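K.L.:
okay, here's the prediction I keep looking at, along with the sequence it came from:
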Protein chains: 2
Amino acid sequence: MAGAGAGRQDMKATVLVRPKAGILDPQGQAVESSLRHLGFAVEETKVGRLVELQLATDDETEARAEVERMCEQLLANPLIESYEIELRAAT
Amino acid sequence: MAGAGAGRQDMKATVLVRPKAGILDPQGQAVESSLRHLGFAVEETKVGRLVELQLATDDETEARAEVERMCEQLLANPLIESYEIELRAAT
């Protein structure tokens, strides 16, 4: 699936950024309140961000380390947000 | 935590909301530009939303239909955004 040299394949990364447990999530509260007003019975609503990007590497270890650096520097606020990284080969 | 009545289990839903292909994604462009300025070689960056919530049902078909209605009414703008629903039993 991966391949190197002439057939190097890119990787796609999906980053899920969530407010950490115990951290105030006003967006989640607003969405939960609106859903209830619309008649939906929901609980524990949280709103986070989804970032998808493509990397010019086929090395999963290297890709994960790179995306972790992106999260620490820009994509998430590690003080109040947690992040989850999913990687797959770009098709 | 979950469970009502005779052991009914709640379900957790994760909704991924993405800008549709061809729709302008200024947030994604800003993130890609910032990542490049930081020295990361990334492409095709998109930014969307992540909504997680808990439903008082253990019927996956019912839960999916309910979350689809939430997406159409509030969580996504179907004109410019697509959504993906993942369901699992709440632990």
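P.N.:
Cool, the structure landed. Numbering: from 1, shown residues only, chains lettered A, B, ... in the order given.

K.L.:
residues from chain A in reach of chain B?
P.N.:
Applying C-beta under 8 Å from any C-beta of the partner chain, one finds that chain A approaches chain B through A:10, A:16-18, A:28, A:31-32, A:34-35, A:38, A:40-56, A:66, A:69-70, A:73-75. (Each C-beta comes from the backbone N, C-alpha and C, glycine too.)

K.L.:
pull out the buried residues from these.
P.N.:
Among those, those buried by neighbour count (16 or more other C-beta atoms under 10 Å in any protein chain shown) are A:16-18, A:28, A:31-32, A:35, A:40, A:42, A:45-55, A:66, A:70, A:75.

K.L.:
can you name every helix or strand that the longest strand that chain A contains contacts?
P.N.:
If you go by DSSP state E, chain A has its longest strand at strand A:42-55. When contacts are defined as 3 or more C-beta pairs under 8 Å, 6 or more residues apart in numbering or on different chains; DSSP states H and E, strand A:42-55 packs onto strand A:11-19, helix A:26-37, helix A:60-70, strand B:11-19, helix B:26-37, strand B:42-55.

K.L.:
tell me the strands beside that strand, with direction?
P.N.:
Strand A:42-55 has its sheet partners listed here by DSSP bridges as strand A:11-19 (antiparallel), strand B:42-55 (antiparallel).

K.L.:
how about those in JSON lines, adding distance to residue A:79 and mean pLDDT?
P.N.:
Formatted as JSON lines, those follow (distance: least, C-beta to C-beta, whole Å; pLDDT from 0 to 100):
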{"stretch": "strand A:11-19", "distance to residue A:79": "11", "mean pLDDT": "97"}
{"stretch": "strand B:42-55", "distance to residue A:79": "19", "mean pLDDT": "97"}
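
K.L.:
once you drop chain neighbours, what's closest to residue A:10?
P.N.:
In space, residue A:10 comes closest to residue A:90 once its chain neighbours are excluded; the distance is 4.1 Å by C-beta to C-beta, 6 or more residues apart in numbering or on different chains.

K.L.:
state the distance from the one you found to residue B:9.
P.N.:
Residue A:90 sits 37 Å away from residue B:9, going by C-beta to C-beta, to the nearest Å.
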